[in-house]
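Q: Give the three-dimensional model of this entry:
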Amino acid sequence: MTQPEATTSAVTKAPKKAKKIVIVGGVAGGASAAARARRLSEDAEIIIFERDRFISFANCGLPYHIGGEIKERAKLLVQTPESMGARFNLDVRIETEVTAIHADKKTVSVHELGSGKVYEESYDELILSPGAVPFVPPIAGVENSKVFTLRNIPDMDNIIRYINVEAPRSAVVVGGGFIGIEMAEALIHRGIETTLLELSNQVLGPLDAEMATPLHTEMRRNGVRLKLGQSLSAISEGDEQLTLELSDGKVIDTDMVIMAIGVRPETSLIRGTDIKLGERGGIAVDAHMRTSVANIWAVGDAIEVKDFVSQQMTTVPLAGPANRQGRIVAENIFGRDTEYKDTQGTSICKVFNLAAASTGQNEKNLKRANIAYEKIYVHAKDHAGYYPGATQVSLKLLFDPQTGSLLGAQSVGEKGVDKRIDVLALAIRSGLTVFDLEESELCYAPPFGSAKDVINQAGFVAANVIRQDMKICQAERVLNCSPNMQIVDVRSPQEIGELGAIDGAINIPVNQLRKRLDELPRDKNIVVYCAVGLRGYVAYRMLVQHGFNVKNLTGGYTTYLMHERIGR
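A: Predicted coordinates:
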């Protein structure tokens, strides 16, 4: 019997159309999105529009080139349009601005700044990475040619050109954030007399006020004329110099001004579209970096993100998050389900010979968010004290008073600050507690660390507080000492003679304390303190077992001085 011939139903599938991705902005987030997209698809058409002449440049390095630490300007160019285009097969169009988004047609309006040509470009997926722009308040005279901002390479070139040609002898930096501090240092390195104005009572807002006080001392020690609690009211031009009127009515004459008050999300492109803004003024995105409009994504300094600790929305203009967000967008465009896991705001700033770093929430934000917290201070050496070159690391740790969950940390010192904050950033991300810090096994050799690292010590102190092995007193209370409080200084008389003491304190060195208990009042609350808190803890354990109502000043006299100097 003959078998019937097999029949086949040939269904010809249409070839899958390659995606066309348009990216607005070619620096951190945009460049990362483009590179990751190409690694995931050789077929995609990828166009980057950048209104400046540069893409993928190290904007965090701009002040250091102005100050001379980074000698070669070319070192700031991570990729050129040509090199990135060649490596990743990208269509990079510099000095070209996207002026409008037409989501209904899935096109953008484009303006070539050099030729004046205007056209529309279609897209399948649109990634917005417009960054942030310097905030410049509407101050009279702020448009003067001797007033500068610093956000990109042309800004940097303008500042360097002015310094080289005009040889200014003086400068005023307005704003004490990252850029303001870095620019003040750069100008000092160029031999320019520099004044820094800051409206707040401290520089570097991510820190709490007391942690910023060592930075004030360091800046003044290096020649910066620091004016806290001051803002700029008006700028006028005289025969040779600018005259700045300050909020207190005083005036300063100067040769140039750097406006470094801060940045705000660049969202002008989305005006007139259905793309929603968040409560903080940045572009609203979900965890996949999608905007409220289909096929439009956003990354970087222009967007709002959720804070990892508080779960509140915020804007975080940092390169690390922007790069991760660019990578996430590309993965989601090509079918991967990748989410952005919120932002901790981990950051660090060089302040002459000091470094200041933070991660998670600071005390100011925790108060505003009504989040319960406790805080302790540790001041310890960056490596074994007996090995030459050991320097002090000051660490403030914020944690949940019930569970010990880590909420935030800040650190200031000459060396080892980045190491400690990086460890704590990862601990916060991993959901660790102060009890885990006790058990952390970190690198130890005398040139690099101590057997009980700063991290371990912070864990010991915080865990002691939660276990009620030690009750602590904060410096704010000691500064406002009540009549029923007796302060006891357990340092040596020599230390007191060299460093000073808290007014009203009686001195009983810790090694003499057991024999002099009768000198302490039993009808008062006793606060013991030493230099950094360690001998104070020994004294606390001794006194509490002898029936005294006692607390230990966390961080000791070092922390007290930091609080005492707030606003100076």
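
Q: contacts and neighbour counts: CA atoms only from here.
A: Noted.

Q: State the distance from the residue nearest in space to the middle of the chain to Ile472.
A: Taking C-alpha atoms, centre = their mean, the centroid of the chain lies closest to Ser347, which sits 3.5 Å from it. For Ser347, the distance to Ile472 (C-alpha to C-alpha, to the nearest Å) stands at 29 Å.

Q: Kindly report the same for Leu534.
A: In terms of C-alpha to C-alpha, Leu534 sits 12 Å off from Ile472.

Q: which of the two has more neighbours?
A: Ile472 (26 against 21; other C-alpha atoms under 10 Å).

Q: neighbours around Val203, how many?
A: By other C-alpha under 10 Å, neighbour count at Val203 equals 27.

Q: Sorry, wrong one. I was asking about Pro154.
A: Other residues close to Pro154 by other C-alpha under 10 Å number 13.

Q: Make sure it is indeed in a helix.
A: Yes. Secondary structure of Pro154 (DSSP: H, G, I helix; E, B strand; the rest coil): part of a helix.

Q: OK, contacts around it?
A: Contacts for Pro154 (C-alpha atoms under 8 Å, 6 or more residues apart in numbering) come out as none.

Q: How much space separates it from Arg51?
A: Counting by C-alpha to C-alpha - Pro154 and Arg51 are separated by 12 Å.

Q: Surely Ala212 and Ser200 touch.
A: No. Judged on C-alpha atoms under 8 Å, Ala212 makes no contact with Ser200 at a distance of 11.4 Å.

Q: Those two: who's more crowded?
A: Neighbours per residue (other C-alpha under 10 Å) separate Ala212 from Ser200, with Ala212 holding more: 25 against 17.

Q: That one should be in a helix, yeah?
A: Yes. Using three-state DSSP, the assignment for Ala212 is a helix.

Q: list the contacts for it?
A: 202-204.

Q: what sits in contact with each of Pro154 and Arg51?
A: With C-alpha under 8 Å, 6+ apart, Pro154 and Arg51 have no common neighbours.

Q: Near the nearest residue to Ser129 once chain neighbours are set aside, how many other residues are there?
A: Leaving aside its chain neighbours, Ser129 sits nearest to Gly25 (4.8 Å; criterion: C-alpha to C-alpha, 6 or more residues apart in numbering). Neighbourhood size, Gly25 [other C-alpha under 10 Å]: 27.

Q: Would you check that Gly25 makes contact with Pro130?
A: Yes. Gly25 lies in contact with Pro130 (C-alpha under 8 Å); the separation is 5.0 Å.

Q: what does the model give the residue nearest to Ser129 for pLDDT?
A: On pLDDT, Gly25 comes in at 96.

Q: again, but for the one 4 residues further on
A: pLDDT, the model's per-residue confidence, is 95 for Gly29.

Q: next one: Glu5
A: 47.

Q: cool, Pro483 as well?
A: Model confidence at Pro483, expressed as pLDDT, equals 86.

Q: what about it, how many neighbours?
A: By the criterion of other C-alpha under 10 Å, Pro483 has 8 neighbours.

Q: what about it, distance to Ile526?
A: Distance of Pro483 to Ile526, computed by C-alpha to C-alpha: 11 Å.

Q: do Gln468 as well
A: Going from Gln468 to Ile526 by C-alpha to C-alpha gives 17 Å.

Q: Helices along the stretch 251-400 of the chain, start to end?
A: 319-333, 363-368 (DSSP state H, counting those that start in this stretch).

Q: Not counting the first one itself, show me its contacts.
A: Spelled out, it's helix 319-333. For helix 319-333, the external contacting residues (C-alpha under 8 Å, 6+ apart) are 28-34, 36-37, 40, 125, 127, 288-289, 297, 299-301, 337-340, 343.

Q: picking up where we left off before, of the contacts of Ala212, closest to Pro63?
A: Within those, the smallest distance to Pro63 is 16.1 Å, found for Leu204 (C-alpha to C-alpha).

Q: and that closest one, helix, strand or coil?
A: coil.
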